[in-house]
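1. Test case, fold it:
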Amino acid sequence: MPTPDADVERDDIVWRRSIGVDRTRLNSPAINPTSGATAVAVAGTRVALSTGVRCQRIMIRANVGNAGNIYVGGSTVSSANGYILDAASTLELWIGNANLIYIDAAVAGDGVTWLAV
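-> The predicted model follows:
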């Protein structure tokens, strides 16, 4: 028989498992908001969004002046498989670290700004 209320700690986040409920978030650690900008120097070359910013959620916005699309995804992102952001488009992701997100660009020099909380 499963324990009705068992706390499980993973990645500094405590989850509570209850019968009939998969997961409930408890006592999330305070994380200071961090922002940044990431650009792709060579079109077709993926770039990590950051070098390791721990977060719970991240908002990404393609730069207003971008000449082409931005492609967002994991470490294998490309124009063929990335989530497309055109100029000024936004995307919000629930993720534990900003370094897990990569961007690619159709035009060299295009990029994004982001806010991690």
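
2. ok, which stretches of the chain are helices?
-> With helices called from DSSP state H, the chain shows none.

3. where are the low-confidence patches of it?
-> Low-confidence segments of the chain, defined by pLDDT under 70: 1-31.

4. what's the domain layout of it?
-> Per automatic domain parsing, the structural domains of the chain span 1-30, 34-116.

5. Show me how far the longest one is from its chain's centre.
-> The one in question is domain 34-116. Here domain 34-116 is found 8 Å from its chain centre; the criterion is Cα atoms, centre = their mean, to the nearest Å.

6. about what we covered before: out of the domains of the chain, which is the most enclosed?
-> Ranked by mean neighbour count, these are led by domain 34-116 with a mean of 17 (mean count of other Cβ atoms under 10 Å). C-beta here means a position set from N, CA and C on the backbone, and glycine is covered the same way.

7. Spell out the residue ranges of the strands in the protein.
-> Secondary structure of the chain (DSSP state E): strands at 6-10, 13-18, 21-26, 34-39, 47-48, 57-62, 70-73, 83-85, 90-94, 102-105, 111-116.

8. Now do the last one: which elements does it pack against?
-> Yep, that's strand 111-116 we're talking about. Under the contact criterion of 3 or more Cβ pairs under 8 Å, 6 or more residues apart in numbering; DSSP states H and E, strand 111-116 touches strand 34-39, strand 57-62, strand 70-73, strand 102-105.

9. Tabulate those (CSV), appending distance to G111.
-> CSV is the format used below for the helices and strands packed on strand 111-116 (distance: least, Cβ to Cβ, whole Å):
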stretch, distance to G111
strand 34-39, 3
strand 57-62, 8
strand 70-73, 7
strand 102-105, 7
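
10. Would you tell me which of these gets closest to R46?
-> Closest of the helices and strands packed on strand 111-116 to R46 is strand 102-105, at 4.5 Å (criterion: Cβ to Cβ).

11. Looks like N66 contacts T113 (just checking).
-> No - if you go by Cβ atoms under 8 Å, N66 and T113 don't touch, sitting 11.0 Å apart.

12. OK, contacts around R57?
-> E92, L93, W94, I95, A116, V117 (Cβ atoms under 8 Å, 6 or more residues apart in numbering).
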